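> sequence and predicted structure, then a few things I'm wondering about:
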Amino acid sequence: QVQLVESGGGLVQAGGSLRLSCAPSGRTFSNYAMGWFRQAPGKEREFVAAIAWSGGSTLYADSVKGRFTISRGNAKNTVYLQMNSLKREDTAVYYCAAAAVRIGYTPAAAAEYDYWGQGTQVTVSS
């Protein structure tokens with residue numbers, strides 16, 4: 001069974017940092033674009049960041065630009081989300097996803113992603 005497994009979530013004070021990781025199980029995703037989405041209680045799932053399978057292109061939501069950084073591991077199979085200067089409004093369940101798209105493309109729509117993780121909770125306190 002193909003899975004994406006997120007880790008690194010937790011409770012952090014506003015202004016702090018967390019690093020989320022997403023590792024695959026069951027297959028490799030080195031040729032897939034990878035993305036992070038989040039969903040807060042009572043809200044729809046929203047795009048956070050994406051990275052092309054080549055690792056050369058990235059895309060960020062305006063709300064996290066300059067604070068979050070998406071990257072891939074050396075084998076391009078693991079993806080990370082470094083989150084700095086966290087705010088209360090960043091509180092959400094964060095999901096990792098993989099998309100089989102053309103090289104260099106960084107999809108922002110959830111419908112473009114083929115595989116999803118179960119999510120990891122990030123809670124930012126004031």
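Arrived safely.
> quick one, what contacts the nearest residue to residue 43 once chain neighbours are set aside?
Nearest residue to residue 43 in three dimensions, chain neighbours excluded: residue 92, at 7.9 Å (CB to CB, 6 or more residues apart in numbering). Using the backbone N, CA and C atoms, a C-beta is placed for each residue, glycine as well. The contact partners of residue 92, by CB atoms under 8 Å, 6 or more residues apart in numbering, come to 38, 39, 40, 43, 121, 122.
> then residue 120?
Per CB under 8 Å, 6+ apart, neighbours of residue 120: 6, 7, 8, 9, 20, 93, 94.
> wait, residue 77 sits on residue 26?
No: contact between residue 77 and residue 26 fails when scored by CB atoms under 8 Å: they sit 11.8 Å apart.
> which of these two has more neighbours?
More crowded of residue 77 and residue 26, by other CB atoms under 10 Å: residue 77, with 17 against 10.
> please name the nearest non-neighbouring residue to the residue most central in space within the chain.
Centroid-nearest residue in the chain, with CA atoms, centre = their mean: residue 36, separated by 2.2 Å. In space, and not counting its chain neighbours, residue 36 is closest to residue 48: 4.3 Å by CB to CB, 6+ apart.
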